[in-house]
Structures are given as C-alpha cells and as structure tokens.
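Visitor: below are the sequence and a predicted model for it; my questions follow.
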Amino acid sequence: MNFDKQFKNYDQNAVTQKKVAKKLLTFIDKSKKYDTILELGCGTGIFTKTLCENLNFTHLDLNDIFNTQDFFSNISYRDFFVENMETLTIKNYSLIVSSSAFQWVENLENLIYKTSKNTSHLVFSIYSKGNLVEIFNHFGVSLDYKSTEEIYQILKKYYTFVEFQEDEFTLEFSTPLKALKHLKETGVTGFSSSNYSLTKSFKSTVLTYKVSYFSCKN
C-alpha cells in the first residue's frame, strides 16, 4: 500500500472515503454514551472527525499502521497505537470501529475473533468483491476482496446480531489518466505505474466502488 507516501494529498482526494465515513456513522447509536472507543486503521482521521462531532464518549483510542498523529492535533484522544491492527493487543472497549481499512487485513477472521473477545459492539465498512473492477479488468490485479456474504458468515460465528448493507457508486473523471492519478493519491494503486503500455492503454474514465457496512453486537 502506498498510503504512507500520500499523506499530504490524501484528505483532498479521499472523496470515496469521506462518503463511506458519513454513511458508516448511521450504523452507530448517536444517543448512547460510550465509555471507551477504539478506531482501527484511522488513517488521517476522516472517520475520527465524524465520530468526535457526533458521538458522546469518555475515551478514544486510535490505531494505524503508519504514524499519522500529526493529523490529530485538534482531536482529543487517549492513546495512539502505531501497529498493524492484526498484531495489536486489543483491550476491552465499549465500541470498536473501522472505516475503509479492513480490506487490507490478511486474515479477516482472526481479526474479527479478536475484536469479539474485547467488545460487544463492532461497526465497520469494508470494500468488497467487485470493487474497482475497471482496474482488475485492465491490469489484472486486485486486493483479495471478500463478498458481503463471505464477510457475513465470518461475523455470524462470533457475533449474535449482525446488520449489514451493501452500497455501490461510481466516480467519473475527465480522462483515464486522472482516474489512475486519483487512485495513486488515495494510496489504492494495486497496479504498477511503471507499466507504461498498460497505463497508456487504460480507457476507463469511471471507477466503481463496492462497499459493505456492518454492525455487529453480542
């Protein structure tokens, strides 16, 4: 992932991530007071800002594989864990959340199992099967996106109540090159920009995003 190289340009280009963060908030009860919240894969704080503006809580802990703490100068948090979420030691939390990050996890079931031992409420969004199909069709590369049904079956093993919703939307660009540049500046390349012939022959001005939202409770 090239996210660490794109910090400065990320927020202004993360149109999809902002849209997903806004919708993910609707899966959380805003009338409830939360004692402790953990956000996994917080990035530059797109969802974090939304949380802080809309939820009532006592303590907020943040996690990302990159040290992005400079982006959180205006956010009050307790701890920032710079570590891969898959190896992170998770304490007990009232609520664990994650927006647009779980698709990077190598073993999703292990992570879900770990969260289920430390919270009774998990809310997250994840890009799912069919995401960025234009990139896969042309470059032949993709993350190993799971289908909504696959994710649901994993969650049902560890959580009693699982609510989910699927979403699909497109972003349109004036040229194919601008579509590829957008992916590069949001850290989601998935292809080698050094392959000049493939990049030059890419014709799509549309990028399709498929997102799944989940709220899990015990």
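Guide: It's in. Only a predicted model underlies this, so the values are computations on that prediction, with no experimental measurement involved. Numbers count the residues shown, from 1 in each chain.
Visitor: please enumerate the helices of the protein.
Guide: With helices called from DSSP state H, the chain shows them at 7-13, 15-24, 46-54, 108-116, 133-139, 148-158, 176-185, 196-201.
Visitor: with mean neighbour count as extra columns, can I get those in CSV?
Guide: For every residue, glycine as well, the C-beta is placed using N, CA and C. Formatted as CSV, these follow (neighbours: other C-beta atoms under 10 Å):
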stretch, mean neighbour count
helix 7-13, 14
helix 15-24, 19
helix 46-54, 18
helix 108-116, 18
helix 133-139, 17
helix 148-158, 16
helix 176-185, 17
helix 196-201, 11
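Visitor: closest to residue 216 out of those?
Guide: helix 148-158 (5.3 Å; C-beta to C-beta).
Visitor: starting at the chain centroid, how far to the closest one?
Guide: Helix 148-158 sits 17 Å away from the centroid of its parent chain (C-alpha atoms, centre = their mean, to the nearest Å).
Visitor: elements contacting it?
Guide: Other elements packing on helix 148-158 under the criterion 3 or more C-beta pairs under 8 Å, 6 or more residues apart in numbering; DSSP states H and E are helix 108-116, strand 161-172, strand 206-217.
Visitor: next, format these as CSV and append distance to residue 146 and mean pLDDT.
Guide: CSV is the format used below for the helices and strands packed on helix 148-158 (distance: least, C-beta to C-beta, whole Å; pLDDT from 0 to 100):
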stretch, distance to residue 146, mean pLDDT
helix 108-116, 7, 98
strand 161-172, 12, 96
strand 206-217, 9, 97
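Visitor: just name the most buried of the ones you listed.
Guide: Looking across the helices and strands packed on helix 148-158 with neighbours counted as mean count of other C-beta atoms under 10 Å, the highest average goes to strand 206-217: a mean of 20.
Visitor: rewinding a little: CSV for the helices and strands packed on helix 148-158, including distance to residue 42?
Guide: Listed next are the helices and strands packed on helix 148-158 as CSV, based on distance: least, C-beta to C-beta, whole Å:
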stretch, distance to residue 42
helix 108-116, 15
strand 161-172, 21
strand 206-217, 17
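Visitor: just want the most central residue of the protein.
Guide: Geometric centre of the chain, nearest residue: residue 100, 1.2 Å, by C-alpha atoms, centre = their mean.
Visitor: any stretches of this protein with poor pLDDT?
Guide: 1-13, 187-196 (pLDDT under 70).
Visitor: which residue sits farthest out from the middle of this protein?
Guide: Largest centre distance within the chain, by C-alpha atoms, centre = their mean: residue 197, 30.8 Å.
Visitor: measure that residue to residue 50 for me?
Guide: Taking C-beta to C-beta, to the nearest Å as the measure, residue 197 falls 41 Å from residue 50.
Visitor: same question for residue 99.
Guide: Distance from residue 99 to residue 50, by C-beta to C-beta: 8 Å.
Visitor: do the same with residue 186
Guide: Residue 186 is 17 Å from residue 50, by C-beta to C-beta.
Visitor: returning to that earlier point: out of the helices and strands packed on helix 148-158, which is closest to residue 133?
Guide: strand 206-217 (5.4 Å).
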